[in-house]
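Peer 1: Need coordinates for the following:
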Amino acid sequence: MSEIDFSGLVVVAAVAFSAPLILGLAPSLRLPAVVLELVAGIAIGPSGLGWVELDQPIEVLSLVGLAFLLFLSGLEIDFERLRGRKIAVTGVGFVVSFGIALVAAFALGAVGQVDTPLLVAIILVATSLGVVVPVLKDSDKASSDLGQLVIAAASIADFGAVILLSLFFSREATSTTTKLVLLGGFLLLGAAFLLAIVGAERSRRLSDALLRLQETTAQIRIRGAFLLLIVFVALAESFGLEVILGAFLAGAVLSLVDRDRMMTHPAFRSKLDAVGFGVFIPVFFVASGIQFNLDALFGSASTVARVPLFLLALILVRGLPALLYRPALGNRQTAVAALLQATSLPFIVAASMIGIELGLLDDATGAALIAAGLLSVLVFPLVALTLLRREERAPASEPVSSAAPIQPSLSER
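Peer 2: Okay, the predicted model is just below:
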């Protein structure tokens with residue numbers, strides 16, 4: 001067995017610790033920690049100071065971090081919200097979004113800006129649920145019609161993007177028919193796991209044991225969640241599908257099972273967040289920065305020019321479908337929804353890395369896509385929050401939008 005060197009991981013762990021601390025010491029810097037982690041990863045990697053390269057310990061923890069990121073994204077899905085008119089409106093919005101993405105990506109392909117338009121279209125349709133939800137919560141809008149629509153749309157976009165990526169760009173399957181069969185088999189197996197878990201939870205003896213062990217050193221629910229994650233990732237890999245699909249589906253299954261989250265185990269979600277965001281996920285983002293090819297991005301003026309093109313594509317692909325919400329939200333909140341839906345980074349990073357690994361994206365295109373994602377996280381939520389604050393400061397007598405006549409709220413339908 002070759003000797004494993006942990007010196008690089010020490011630097012990565014130091015960056016993961018320092019990034020949120022710096023932001024905490026400078027609250028005026030309204031940046032998501034993932035942005036600073038990516039930038040710091042670029043700085044310490046081969047494209048920057050050259051302190052760290054992607055070695056085995058960093059690569060393993062980074063892969064677990066990616067799985068945890070998608071797992072927690074799947075866990076964010078609130079299936080209680082995804083019904084009635086919301087699911088219809090946001091579902092249509094996703095279809096429209098993917099249609100616009102196809103047009104934009106093939107247009108970019110026609111002028112020689114991308115080589116694999118379908119992959120780029122899939123990359124463009126996702127929304128960063130993990131970035132959007134905190135913004136809505138901090139602005140006290142998560143339970144409003146605006147918040148419910150954006151969260152539902154982001155959930156569908158994340159799920160749809162992961163499914164599409166696994167369907168069209170899995171590593172082992174060769175034909176679309178084979179991929180459909182494998183994907184269908186995997187989803188059926190996932191449903192079987194869901195039914196088995198629900199059935200097991202009805203056992204009084206098992207439920208009592210879980211309650212007894214959840215706050216001991218056994219931390220049995222956390223171990224069970226981690227087992228579920230690893231099982232689904234391993235199954236996805238064995239079916240020749242992307243591991244991110246398995247991780248995302250594991251989170252979605254747990255979200256369906258975990259209905260009494262605030263009753264028998266109120267700290268369960270926060271513990272999972274602590275494990276994911278406290279240990280593994282920062283390693284993934286720092287490692288992504290280490291792998292970021294800065295030379296490829298700035299290698300030519302045409303590559304740099306792709307960044308604003310991809311940023312514009314994001315706002316068109318994810319922002320335009322928000323016009324479907326205008327009758328319920330009015331002009332200003334529709335603009336806020338459009339900006340939040342166009343905020344995307346984690347999926348862009350993950351999918352771009354997969355595309356580069358499969359030889360479907362060159363380093364320059366991948367770097368430009370990630371740079372556009374970074375800008376979307378930096379700019380769009382900030383502008384959205386500014387619009388929300390202006391709405392709150394508007395005099396009560398001043399109409400804040402030209403919404404249609406008063407309708408029942410989406411939560412009442």
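Peer 1: Below-threshold pLDDT in the stretch 151-300 of the chain: ranges please.
Peer 2: Filtered on pLDDT under 70, the stretch 151-300 of the chain yields the residue ranges 170-179, 201, 259-264.
Peer 1: mind listing the strands for this protein?
Peer 2: Remark: no strands are assigned in the chain by DSSP state E.
Peer 1: So the most centrally placed residue in it versus Leu180, what's the distance?
Peer 2: Nearest residue to the geometric centre of the chain (C-alpha atoms, centre = their mean): Ser128, 4.1 Å. As judged by C-beta to C-beta, to the nearest Å, Ser128 and Leu180 stand 28 Å apart. Using the backbone N, CA and C atoms, a C-beta is placed for each residue, glycine as well.
Peer 1: What of Gly289?
Peer 2: Counting by C-beta to C-beta - Gly289 and Leu180 are separated by 36 Å.
Peer 1: Looking at the two, which is more packed in?
Peer 2: A count of neighbours by other C-beta atoms under 10 Å puts Gly289 above the other of Gly289 and Leu180, at 29 against 12.
Peer 1: ok, the more buried one touching Pro46?
Peer 2: No: if you go by C-beta atoms under 8 Å, Gly289 and Pro46 don't touch, sitting 10.7 Å apart.
Peer 1: which residues does Ala31 contact?
Peer 2: Quick fix: residue 31 reads Leu, not Ala. Contact analysis of Leu31 by C-beta atoms under 8 Å, 6 or more residues apart in numbering lists 23, 378.
Peer 1: how many neighbours does Ser18 have?
Peer 2: Close neighbours of Ser18, defined as other C-beta under 10 Å, add up to 13.
Peer 1: That should have said Leu256, apologies.
Peer 2: 14.
Peer 1: His265 too?
Peer 2: Number of residues near His265 (other C-beta under 10 Å) recorded here: 17.
Peer 1: can you check Glu76 too?
Peer 2: 18.
Peer 1: One more: Leu29?
Peer 2: Close neighbours of Leu29, defined as other C-beta under 10 Å, add up to 11.
Peer 1: Spit out the contact partners of it.
Peer 2: With contact set as C-beta under 8 Å, 6+ apart, Leu29 has these partners: 22-23.
Peer 1: Pull up the gap between it and Ile22, please.
Peer 2: Relative to Ile22, Leu29 is positioned 8 Å away (C-beta to C-beta).
Peer 1: what do you get for Arg212?
Peer 2: Distance from Arg212 to Ile22, by C-beta to C-beta: 41 Å.
Peer 1: out of these two, which sits in the more crowded spot?
Peer 2: Using other C-beta under 10 Å as the criterion, Arg212 and Ile22 rank with Ile22 on top: 14 against 11.
Peer 1: right, and that one touches Leu36 too?
Peer 2: Yes: assessed by C-beta under 8 Å, Ile22 is found in contact with Leu36 at 6.8 Å.
Peer 1: For stretch 14-22, which outside residues touch it?
Peer 2: By C-beta under 8 Å, 6+ apart, the surrounding residues in contact with stretch 14-22 are 29, 33, 36-37, 40-41, 44, 282-283, 286.
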